[in-house]
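Visitor: sequence first, then the predicted structure, then my questions.
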Amino acid sequence: MPAVNTAQNLLSLYSQKVRTFSNSILNGANLRNANLSSANLSSANLSNANLSNANLSNANLANANLYAANLTGAVLSRANLSNANLYNANLNSANLYDAYLNSANLIYAKLNSANLTVANLANATLSGANLSSANLYAANLSSANLTYANLANANLYDAYLYDANLKAAHLNSANLSGANLYYANLTGADLTDANLIGAYLANATLRSTGLTYANLTGANLRYADLTGANLKGVKVLGANLFNAKLSSNSGLDNLYIGKPKNDTLIGTSKDDFFVGQGGRDTFTGGAGKDTFTINDFVGAKPSLFTDYTTVKDFKPVDDFIVLQGKSDQYSLTQRGTDVFLSHSGQEIATLQNSHVSNFSQGFSFFG
Ligand SMILES: [Ca+2]
Ligand SMILES: [Ca+2]
């Protein structure tokens, strides 16, 4: 099938059930509202074309040139846009549900309020793109370049952002609950008011990141680098800060980090967070919802004589004990008013004045 070079020719052939238009030259074409569902436009030149409100669902646009194209309101669900050039394209309010955008060029693309639910954007370049209020629910953004991208108010619930570059990205008020940000680079990013409940941020770089009033409840920040990050007003109940790097002036109130020696750390009536860092440590939480990180010596076998934690007032209804590994590696034994916690048969902590028989409430395991 020969390539076409006018919009009329394309639409005429499409009405005759022709679907293959690879390598067509359609730059600047007016295809507004056109129905091109399932058309093969791979490697076509559609730069500066008007495709607003067009139906391109299931279309093949792999390697297509859509530079500065107008795709506002277009339907691109399940379209193949791998390696497509969408530099400066306007995709505001476009429907890209389950679209395949692997390695696409989306630099400065406008994706405001676009639907990218379960879309594949792995290795895509989105630097400077505007994705504010976009729906990226469970989208795959692994190794994507999102530097300076605007993701304010975006929905990234359960998104996969492994190794993504989010340097200086705007993520204020974004929903990143359950998102996987393992090894992501968030240096200088704005995560003010972001929802990071249960997010996986292990080994992520959060240097100088703005996290003011972010919700990190139950988040895994194991080995994360938070040097220079602003943690003022952050919620960290039940979070894992094992081996996380924190500046002393992080702004996170009620954080008690011990030394690799014996510490006695006493909290307040507010929500306190305790990290013992090895040694024979004693934590007193007081009122509020307190988090006690216990076996932060994991990796080396704990020594009964040098590593032991005593929690004076663990209340499973309000407090959390953070443990590395899986629950089946641990056991609880009640003796009088105290509970003894063991790891692989070795006693590692006493929970004084507690009655706890199982791990169903008040324990966070980060395996
Ligand atoms: Ca200690
Ligand atoms: Ca407290």
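Guide: Structure received. Numbers count the residues shown, from 1 in each chain. Ligands and ions are numbered 1, 2, ... in the order given.

Visitor: run through the stretch 101-250 of the chain and note the low-pLDDT ranges.
Guide: Within the stretch 101-250 of the chain, not a single segment meets pLDDT under 70.

Visitor: from Ser357, how far off is the closest residue to ligand 2 within it?
Guide: Relative to ligand 2, the nearest point of the stretch 101-250 of the chain is Leu237 (10.8 Å; C-beta to the ion). For glycine as for every other residue, the C-beta is placed from the backbone atoms N, C-alpha and C. Distance, Leu237 to Ser357, by C-beta to C-beta, to the nearest Å: 22 Å.

Visitor: comparing these two, which residue is more hemmed in?
Guide: More crowded of Leu237 and Ser357, by other C-beta atoms under 10 Å: Leu237, with 22 against 9.

Visitor: distance check, Ala184 against Asn203.
Guide: From Ala184 to Asn203 the distance is 9 Å (C-beta to C-beta).

Visitor: give me the more crowded residue out of those two.
Guide: Ala184 (31 against 18).

Visitor: the chain: strands as residue ranges?
Guide: Under the criterion DSSP state E, the chain contains strands at 225-226, 245-246, 255-257, 264-266, 273-275, 280-284, 291-293, 308-311, 320-324, 330-335, 338-343, 346-351, 363-366.

Visitor: export those as JSON lines, with columns for mean neighbour count and distance to Ala124.
Guide: JSON lines is the format used below for the strands of the chain (neighbours: other C-beta atoms under 10 Å; distance: least, C-beta to C-beta, whole Å):
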{"stretch": "strand 225-226", "mean neighbour count": "22", "distance to Ala124": "25"}
{"stretch": "strand 245-246", "mean neighbour count": "18", "distance to Ala124": "30"}
{"stretch": "strand 255-257", "mean neighbour count": "19", "distance to Ala124": "37"}
{"stretch": "strand 264-266", "mean neighbour count": "14", "distance to Ala124": "45"}
{"stretch": "strand 273-275", "mean neighbour count": "26", "distance to Ala124": "37"}
{"stretch": "strand 280-284", "mean neighbour count": "22", "distance to Ala124": "45"}
{"stretch": "strand 291-293", "mean neighbour count": "28", "distance to Ala124": "37"}
{"stretch": "strand 308-311", "mean neighbour count": "22", "distance to Ala124": "45"}
{"stretch": "strand 320-324", "mean neighbour count": "25", "distance to Ala124": "34"}
{"stretch": "strand 330-335", "mean neighbour count": "14", "distance to Ala124": "42"}
{"stretch": "strand 338-343", "mean neighbour count": "18", "distance to Ala124": "43"}
{"stretch": "strand 346-351", "mean neighbour count": "19", "distance to Ala124": "45"}
{"stretch": "strand 363-366", "mean neighbour count": "20", "distance to Ala124": "30"}
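
Visitor: out of those, nearest to Leu196?
Guide: strand 225-226 (12.4 Å; C-beta to C-beta).

Visitor: return the residues of the stretch 251-367 of the chain in contact with ligand 2.
Guide: Within the stretch 251-367 of the chain, the positions near ligand 2 by C-beta under 5 Å from the ion are 267, 272, 285-286, 288, 290.

Visitor: may I see the PyMOL selection of the buried members of those residues?
Guide: To isolate the buried members of those in PyMOL, using 16 or more other C-beta atoms under 10 Å:
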select buried, resi 267+272+285+288+290
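
Visitor: return the member of the residues of the stretch 251-367 of the chain next to ligand 2 nearest to Ala138.
Guide: Using C-beta to C-beta, these come closest to Ala138 at Asp290, 33.2 Å.

Visitor: surely the closest one touches Thr268?
Guide: No - counting by C-beta atoms under 8 Å, Thr268 is not a contact partner of Asp290; they are 9.3 Å apart.
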